[in-house]
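> Sequence below, structure please.
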Amino acid sequence: MADNNLAEGAKRFAAKMDLGAYQEAAKVKSDFGLPNDMLTDAVRRAYDSNMKKGEYSLAADLAKRYELSTDLRLDAAQRSFQRKIDSAFYRAAADYAKEYGLSEDAIRMAAISAFNKSMDYGLFKNAAEVADQFELPVEMRQQAATKSYELHMQAGLYRKALKIAQKYKLPEELVEAAEKKIS
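Numbering: from 1, shown residues only. Sure thing, here's the model as predicted:
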């Protein structure tokens, strides 16, 4: 009886996957307590379909969620990552590369591009956050934080400038300058 129930669940799961109703398929999997190894064929068809349509993020998500081979997950994730890079969504690409286990070089390249783009647009606080989040060289962090600090000081936002100086461990004279303006 239990095998019959699992077979029925697998059949329903496959039907939902074939329709592209991935959330509903996940619910069927949960409701029936289906193990991933019973679902491999249906997931692989959905993966292949998404790859053909260029829906690389969906394919990578399916591969990750349903434990398809690492090679399949990385292939889809690499293609999605490259699309993000080509569209100049560098920070999203860096986050994505980290989430899907792409190479450290890919993560670093995207993070540096995100940092440089933020610096070019005068988004210094954002650049400092990117440098911090992705552990870019200290010099990059300091450069962006210093520029952000200077902008906040010029705008009269002394408390924010002080927070930046403290967070990014800027030179003590900058901390003192902000504290002096506050008092």
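> quick one, domains of this protein?
In terms of domains, the chain is parsed into 1-87, 111-183 (source: automatic domain parsing).
> And the residue nearest the centre of the chain, what's its pLDDT?
To find the centre residue of the chain, average its C-alpha atoms and take the closest one (C-alpha atoms, centre = their mean): that gives D95, at 2.6 Å. Looking at D95, its pLDDT reads 97.
> And it, how close does it get to A106?
Distance of D95 to A106, given as C-beta to C-beta, to the nearest Å: 12 Å. Yep, even glycine has a C-beta here, placed from its N, CA and C like the rest.
> what's the answer for F32, then?
When C-beta to C-beta is the yardstick, F32 and A106 sit 37 Å from each other.
> residues in contact with N50?
For N50, the contact set (C-beta atoms under 8 Å, 6 or more residues apart in numbering) comprises 56, 58-59, 62, 76.
> ok, which pair from these is furthest apart?
Largest separation among the contacts of N50 by C-beta to C-beta: Y56 and L62, giving 10.7 Å.
> more neighbours, the two?
It is L62, of Y56 and L62, that has more neighbours when counted by other C-beta atoms under 10 Å, with 26 against 20.
> which residues sit against the helix or strand harbouring the more buried one?
In this structure, L62 is located in helix 56-65 according to DSSP states H and E. With contact meaning C-beta under 8 Å, 6+ apart, helix 56-65 is reached by 22, 26, 43, 46-47, 50-51, 68-69, 72-73, 76-77, 79-80, 83, 96, 100.
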